[in-house]
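> What follows is a predicted protein model with its sequence.
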Amino acid sequence: MHEPGGQLLTGLASLPAKQRAALVLFYYADYPVRQIAEILRSNPIAVRVNLSRGRSRLRRILEEPNA
């Protein structure tokens, strides 16, 4: 049986850098979208897009039967 945290870390590692950074800063570091945009030198709309796409991609990765 796989360790759930290990699967999450593996899934995060497979995401594009901007999606991974947005997810980690939002969910782990608890930064608001506007502050994440400042940290990443981006804009809030791009951060929201990266959060949405990152969540979707991570969900697909974690739901794969061989994951």
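Done, it's in.

> Please make it C-alpha for all contacts and neighbour counts, starting now.
Fine.

> what comes up buried for the lowest-mean-pLDDT helix or strand in the chain?
Within the chain, confidence by mean pLDDT, DSSP states H and E is lowest for helix 4-13 among all helices and strands, at a mean of 87. Neighbour-count burial for helix 4-13, counted by 16 or more other Cα atoms under 10 Å, picks out 8, 11-12.

> got the CA positions of that helix in CSV?
What follows is helix 4-13, C-alpha atoms only, in CSV (Å, rounded to 0.1, in the frame of the first residue of the first chain):
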residue,chain,number,x,y,z
PRO,A,4,-0.9,9.0,0.7
GLY,A,5,1.6,11.8,1.4
GLY,A,6,4.1,10.2,-1.0
GLN,A,7,1.6,10.1,-3.8
LEU,A,8,0.7,13.7,-3.2
LEU,A,9,4.4,14.8,-3.3
THR,A,10,4.9,12.7,-6.5
GLY,A,11,1.8,14.2,-8.1
LEU,A,12,2.9,17.8,-7.2
ALA,A,13,6.4,17.1,-8.6
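
> Can you list the residue ranges for helices in the chain?
4-13, 17-23, 33-39, 44-63 (DSSP state H).

> and for the first one, what are the contacting residues?
Outside of helix 4-13, the residues within contact range by Cα atoms under 8 Å, 6 or more residues apart in numbering are 20, 58, 61-62, 67.

> Mind putting these into CSV with distance to Arg41 and neighbour count?
Below are these laid out as CSV (distance: Cα to Cα, whole Å; neighbours: other Cα atoms under 10 Å):
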residue, distance to Arg41, neighbour count
Arg20, 15, 20
Leu58, 23, 21
Ile61, 27, 19
Leu62, 29, 16
Ala67, 33, 12
